[in-house]
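Enquirer: what's the 3D shape of this:
(4 chains)
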4 protein chains.
Amino acid sequence: MNPFTEKALAMLEKRGVTLSDIVDCVYYLQKPYHQNLQHKDLEESVLKVLDKREVWHALMTAIELDVLAEQDRFSNKELEKIVQMDEGLYGMDEVLAYGICNLYGSIAMTNFGFIDKTKFGIVGKLNEEGKKQGICHTFLDDMVGAIAAAAASRFAHR
Amino acid sequence: MNPFTEKALAMLEKRGVTLSDIVDCVYYLQKPYHQNLQHKDLEESVLKVLDKREVWHALMTAIELDVLAEQDRFSNKELEKIVQMDEGLYGMDEVLAYGICNLYGSIAMTNFGFIDKTKFGIVGKLNEEGKKQGICHTFLDDMVGAIAAAAASRFAHR
Amino acid sequence: MNPFTEKALAMLEKRGVTLSDIVDCVYYLQKPYHQNLQHKDLEESVLKVLDKREVWHALMTAIELDVLAEQDRFSNKELEKIVQMDEGLYGMDEVLAYGICNLYGSIAMTNFGFIDKTKFGIVGKLNEEGKKQGICHTFLDDMVGAIAAAAASRFAHR
Amino acid sequence: MNPFTEKALAMLEKRGVTLSDIVDCVYYLQKPYHQNLQHKDLEESVLKVLDKREVWHALMTAIELDVLAEQDRFSNKELEKIVQMDEGLYGMDEVLAYGICNLYGSIAMTNFGFIDKTKFGIVGKLNEEGKKQGICHTFLDDMVGAIAAAAASRFAHR
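Expert: This next block holds a predicted model:
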């Protein structure tokens, strides 16, 4: 396994996200277009997305911001509150997500918009958990949605 | 009314899309976030989006490509067939749509992805009609989705 | 003056960037296209760009990451080192910058790419200062370039 | 050679652009960052960029629009004139170019902005030729810049 992929999976797992959770999201996005789609067919696409340096950089940055929010460690308290509350008009989480989706083209972008709204599976679970005291997933839910959307686009193009 | 807006509305109407059709899409996108939302509140946002030169340029370019496909007037017949069939892996329609959504930020992008997948209202209608012989809406459905998504984002920020 | 604009100017000044520094960058970008261009004509465009909520959000997020790097306060030390060193393949600073440029269309994007490479004026100064011990401008130079590029595009469209 | 690459090279050559022209642009973009850089090292990156379906789709669409403009075959004469004149505020050529650059991340985007402004080599030559009667390169110069910028980014990440 590529070093970026390995580190990314470990970091995601530490934040409560498994490879299988993400594969479920890809399955949800690709199911309408393929008969007899198997989860194992999609796993490779997720691993390949996690293999990219830019994805690793986005993921580290996103999770850092969530962790800082959880620990009240922002120096800018106005920003800290916005991130902690996952304020609806704050869009930097989506902006970082587009940094991932863009790498996989227009299909990835529409898939991201869709799963970001429908909050399927782990995306919704992270979003809900993030509302609890001391937990912040403002950035992570978008990262997971973006990784799944990118993997779905990659699969569709093959 | 601004000259771009006026020309855009006329061009859309000629292709079977009314202002009211687009407002319905904005309503669909914004309803979950606002109680007592009125269609008339959203109309101004659509008119303001159509007021932008870049939106006008995108719309003209998109509709031209649809019209050329309807009339078999592409010089490149491989491309003509792709546009006529609305081939799933062809993404230039979404790329032009992002040229509109980007102007209204991250909320516009996710809204576009959502309506592009759910094919609500006129977006779905255009998509269906485009499958008929002699009709091509490969680009137009994405334009309408993008204009609605942009107007929804503009409204949300106010 | 709009509340976002006022807060943004104060935050930029605290990090060593004046309104006049940014106007100089806009002038550099627009000079080739306008005779008799005056700095005061461009100032309004910069103020209007700073007036947007998304720009304010991007700016706060970007500067927070720089400040955390200066104070060795990242929880993720691999990321901290990358941000402190302004590692060439780390692109999240540009990704946040695109979140600003995109709002002003394609001209803003090309202007950003140009000033990001030529490092005119305050952009280059920030970049140089950022190499000193205890100073980090990894994100700020891109923010300033993006604000200038956005203002140049806004001016060009009027 | 991949089928997309082969078709793309043939189409580019028909419009006056050789592989070597594009490699020269990549060299121009990457030279400052690598000692002993060889043109042959960069050729593979260009071929790989041309290998992508989305790049092929963008290229076909862009060249079609140029060709239609050369032959006065737009049904929308307002748009035809804009494309023929390469009107400065028309940005759909850049929007299609971003559809290529985005696939190669933030470095590709800044490289594109830079070469689009400096008009190095074939980019400038196409731009100049496009001003002659009966020749239109409004879209092609941006495509070539985008392919070179994408190849430069791909090379930088390896």
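Enquirer: so is stretch A:80-97 next to chain D?
Expert: No - Stretch A:80-97 does not reach chain D (C-beta under 8 Å from any C-beta of the partner chain); its nearest approach is 11.5 Å. Backbone N, C-alpha and C define where each C-beta goes, glycine included.
Enquirer: got the end-to-end distance for that stretch?
Expert: Stretch A:80-97 has an end-to-end distance of 19 Å (criterion: C-alpha to C-alpha, to the nearest Å).
Enquirer: for the record, mean pLDDT for it?
Expert: Mean pLDDT, stretch A:80-97: 97.
Enquirer: now find how far off-centre it is within its chain.
Expert: Computed by C-alpha atoms, centre = their mean, to the nearest Å, the chain-centroid distance of stretch A:80-97 equals 14 Å.
Enquirer: residues in contact with A:V55?
Expert: A:F4, A:A8, A:V49, A:I100, A:L103, A:I147, A:A150 (C-beta atoms under 8 Å, 6 or more residues apart in numbering or on different chains).
Enquirer: any chance of these in CSV, plus distance to A:F120?
Expert: Shown next, in CSV, are the contacts of A:V55 (distance: C-beta to C-beta, whole Å):
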residue, distance to A:F120
A:F4, 25
A:A8, 21
A:V49, 17
A:I100, 17
A:L103, 22
A:I147, 13
A:A150, 15
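Enquirer: mind checking which of these land in helices?
Expert: Mapping the contacts of A:V55 onto helices (DSSP state H) picks out A:F4, A:A8, A:V49, A:I100, A:I147, A:A150.
Enquirer: could you find the closest non-adjacent residue to the fourth one?
Expert: Put plainly, it is A:I100. Excluding its sequence neighbours, the residue lying closest to A:I100 (C-beta to C-beta, 6 or more residues apart in numbering or on different chains) is A:A146, at 4.1 Å.
Enquirer: from memory that neighbour sits against A:Y104, does it?
Expert: No - here A:A146 does not reach A:Y104: they are 9.2 Å apart, not a contact under C-beta atoms under 8 Å.
Enquirer: look at those two and report which has more neighbours.
Expert: More crowded of A:A146 and A:Y104, by other C-beta atoms under 10 Å in any protein chain shown: A:A146, with 33 against 29.
Enquirer: what's the spacing between that one and chain D?
Expert: In this view, A:A146 and chain D are 13 Å apart by C-beta to the nearest C-beta, to the nearest Å.
Enquirer: next, the contact list for the residue in chain A that chain D sits nearest to, please.
Expert: The nearest approach of chain A to chain D comes at A:N102, 3.9 Å away (C-beta to the nearest C-beta). The neighbours of A:N102, taking C-beta under 8 Å, 6+ apart as the test, are A:A108, A:M109, D:N102, D:L103, D:G105.
Enquirer: now for these: which two are most distant?
Expert: Largest separation among the contacts of A:N102 by C-beta to C-beta: A:M109 and D:G105, giving 14.6 Å.
Enquirer: so these two - more neighbours on which side?
Expert: Comparing A:M109 with D:G105 by other C-beta under 10 Å, the one with more neighbours is A:M109, at 30 against 27.
Enquirer: tell me which element the more buried one falls in.
Expert: Assessed by DSSP states H and E, A:M109 sits inside helix A:105-118.
Enquirer: could you export that helix as CSV, CA atoms only?
Expert: The C-alpha trace of helix A:105-118 is given here as CSV (Å, rounded to 0.1, in the frame of the first residue of the first chain):
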residue,chain,number,x,y,z
GLY,A,105,-13.4,15.9,-12.9
SER,A,106,-17.0,17.1,-13.2
ILE,A,107,-18.6,13.8,-12.2
ALA,A,108,-16.8,14.0,-8.9
MET,A,109,-18.1,17.5,-8.3
THR,A,110,-21.8,16.6,-8.9
ASN,A,111,-21.5,13.4,-6.8
PHE,A,112,-20.0,15.5,-4.0
GLY,A,113,-22.9,18.0,-4.1
PHE,A,114,-25.4,15.2,-4.0
ILE,A,115,-23.9,13.3,-1.0
ASP,A,116,-23.2,16.5,0.8
LYS,A,117,-27.0,17.2,0.6
THR,A,118,-28.4,13.7,1.2
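Enquirer: is it in proximity to chain C?
Expert: No - using C-beta under 8 Å from any C-beta, helix A:105-118 never reaches chain C; the gap is at least 12.5 Å.
Enquirer: burial count for A:G88?
Expert: Counted with other C-beta under 10 Å, the neighbours of A:G88 add up to 9.
Enquirer: around chain B, pick out the residues from chain A.
Expert: Counting by C-beta under 8 Å from any C-beta, the positions of chain A adjacent to chain B are A:33, A:88-89, A:91, A:94-95, A:98, A:105-107, A:109-114, A:116-118, A:156-157.
Enquirer: among those, which ones are buried?
Expert: Among these, those buried by neighbour count (16 or more other C-beta atoms under 10 Å in any protein chain shown) are A:91, A:94-95, A:98, A:105-107, A:109-114, A:116-118, A:156-157.
Enquirer: excluding its backbone neighbours, what's nearest the residue in chain A that chain B sits nearest to?
Expert: In chain A, the residue that lies nearest chain B is A:G113 (1.5 Å; C-beta to the nearest C-beta). With sequence-adjacent residues excluded and distances taken as C-beta to C-beta, 6+ apart, A:G113 is closest to B:G113, at 1.5 Å.
Enquirer: appreciated, that's everything.
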